[in-house]
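> Provide a 3D model corresponding to the input given below.
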Amino acid sequence: MGLPREVLMWESISKVVPKVNAVNLSLGVCGWLHAVVSIEKQLEGDGKNALLAAFASHPSLKHVVIVDSDINVCNISDVEWAIATRFQASEDLTVIKNVRGSTLDSSADQETGLTTKLGIDDTRPSRKPKEKFELAKIPKSKRAEELVCKILGL
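Take a look at the predicted model:
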């Protein structure tokens, strides 16, 4: 259902930000109401421009999360980690009230078809060091590996 729409979204978002890496209409809502989009952010505001373009290109879309290129748009754990570590609701949340939505959205006003849409700019803030927003890496230890193998009988 969502694949052709992902292409249209990619094209629309590409007009307002320098580079779109990936667009995923997630399977949890049948590839229709929720999207995660990865971009190469150049300037503050690119994330918000991308989410507004996503909504404009897909009127049924209800939620969109814009992430940086280091986040896999198809891995919900990556997306949740990014929201937990990069998102501030007071600065990065866009709520659009009383707009046309999807007939598949049972929470929308069934008489008017109006809903509220939610956009999350989950890109790293440019004013802070990039390394503060990288996934922590646990250094490998030969001794730890030996102990694990011993415990597991490998």
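> where do the strands sit along the protein?
All strands of the chain, identified by DSSP state E, fall at 19-25, 34-40, 63-68, 93-100, 114-122.
> now the last one against strand 34-40, angle please.
Per axes from the mean of the first three to the mean of the last three CA atoms, to 10 degrees, the angle that strand 114-122 makes with strand 34-40 is 30 degrees.
> buried stuff in strand 114-122?
115, 117, 118, 119, 120, 121, 122 (16 or more other CB atoms under 10 Å). For glycine as for every other residue, the C-beta is placed from the backbone atoms N, C-alpha and C.
> what do you get for the first one?
Taking 16+ other CB under 10 Å as the neighbour-count basis, strand 19-25 is seen to contain the buried residues 20, 21, 22, 23, 24, 25.
> tell me the contacts of the fourth one?
The reference is to residue 23. Residue 23 sits next to 6, 7, 9, 10, 13, 35, 36, 37, 38, 54, 73 when contact means CB atoms under 8 Å, 6 or more residues apart in numbering.
> again with the third one
By CB under 8 Å, 6+ apart, the contact set of residue 22 is 37, 38, 73, 74.
> rerun at 7 Å
Counting by CB atoms under 7 Å, 6 or more residues apart in numbering, residue 22 touches 38, 73.
> of the strands of the chain, which is nearest residue 129?
Among the strands of the chain, the nearest to residue 129 by CB to CB is strand 63-68 (13.9 Å).
> neighbouring strands - and their directions - for that closest one?
strand 34-40 (parallel), strand 114-122 (parallel) (DSSP bridges).
> quick one on the thing from earlier: now render the strands of the chain as a markdown table, adding distance to residue 84.
A markdown table is the format used below for these (distance: least, CB to CB, whole Å):
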| stretch | distance to residue 84 |
| --- | --- |
| strand 19-25 | 19 |
| strand 34-40 | 15 |
| strand 63-68 | 12 |
| strand 93-100 | 14 |
| strand 114-122 | 10 |
